[in-house]
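Visitor: fold the stuff below for me.
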Amino acid sequence: MYRVLLFILLSSITTFAQDVDKTRTSPVDITSLRYKDTYLKITYSQPQKRGRNIFGELIPFGKVWQLGANEATEITITRDITLNGILLKSGTYSLFAIPNESKWTMIVNSELGLWGSYNYNAKLDVFRFEVPVLHVSDGCENLSMKVNLKNDLAELLICWDKTSVSIPIKFLTY
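Guide: Got it, this is the predicted structure:
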């Protein structure tokens, strides 16, 4: 009897959790790839432009942004890589950005489970680096992240509205 009640309770919780994700205006998206023994996964919420002015207005220039909507974006890697030439040890990290008109400061931070960038703590930064902004004529209605792989090199492309940045990744083989 107790097992049946527990099953019903857990089934309803699971069903409710799935319904919540479907109703998000900024759904969760994942980009991932595997290179040899290294698995890379980026989890982020995907906001939509919906006619708004994005960079400089909705996302202010010069302020820390969680690189998506809702929860802070997270990157997980199973083996060491370099990100923009900087060694990143295997593990899970939060990703943030400080957008500006001509460049973004990218931030890799060790704190996980953050909602937005409200409680962002710079003291927990693993490292920062800058990447140039690329202006794209077609633009991206939804924030999108994609990893293009070429042998042991890859690039993380982040695009939203008419703005894009590219971050070089190198997979290390020992």
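
Visitor: pretty sure K123 sits in a helix.
Guide: Yes - judged by DSSP: H, G, I helix; E, B strand; the rest coil, K123 forms part of a helix.

Visitor: and it, how far from E111?
Guide: Using C-beta to C-beta, to the nearest Å, K123 is found at 9 Å from E111. Backbone N, C-alpha and C define where each C-beta goes, glycine included.

Visitor: out of the two, which sits in the busier spot?
Guide: Neighbour comparison, K123 and E111: the larger count goes to E111, with 14 against 7 (by other C-beta atoms under 10 Å).

Visitor: count of neighbours near the residue nearest to the more buried one when sequence neighbours are not counted?
Guide: Leaving out its chain neighbours, the residue that sits closest to E111 by C-beta to C-beta, 6 or more residues apart in numbering is L124, at 4.7 Å. Neighbour count for L124, taken as other C-beta under 10 Å: 14.

Visitor: residue contacts, L124?
Guide: N109, S110, E111 (C-beta atoms under 8 Å, 6 or more residues apart in numbering).

Visitor: gap between it and K170?
Guide: Taking C-beta to C-beta, one finds L124 at 24 Å from K170.

Visitor: could you do L83 as well?
Guide: 8 Å.

Visitor: compare these two (neighbour count), which wins?
Guide: L83 (21 against 17).

Visitor: now do the same contact list for that one.
Guide: Contacts of L83 by C-beta under 8 Å, 6+ apart are M106, V108, F129, I167, P168, I169.

Visitor: next, name the residue at the spatial heart of this protein.
Guide: T73 (3.6 Å; C-alpha atoms, centre = their mean).

Visitor: thought it was touching P47?
Guide: No - counting by C-beta atoms under 8 Å, T73 sits too far from P47 to count as a contact (11.5 Å).

Visitor: okay, and the beta partners of the closest residue to T82 other than its chain neighbours?
Guide: Ranked by C-beta to C-beta, 6+ apart and with sequence neighbours excluded, the top spatial neighbour of T82 is K170, at 4.4 Å. Under the criterion DSSP bridges, K170 forms beta bridges with T82, L153.

Visitor: show the pLDDT at K170.
Guide: pLDDT for K170: 97.

Visitor: give me the number of residues near the residue lying closest to T78 once chain neighbours are set aside?
Guide: The shortest distance from T78 to any residue other than its chain neighbours is 4.5 Å, reached at Y39 (C-beta to C-beta, 6+ apart). Residues contacting Y39 under the criterion other C-beta under 10 Å number 14.
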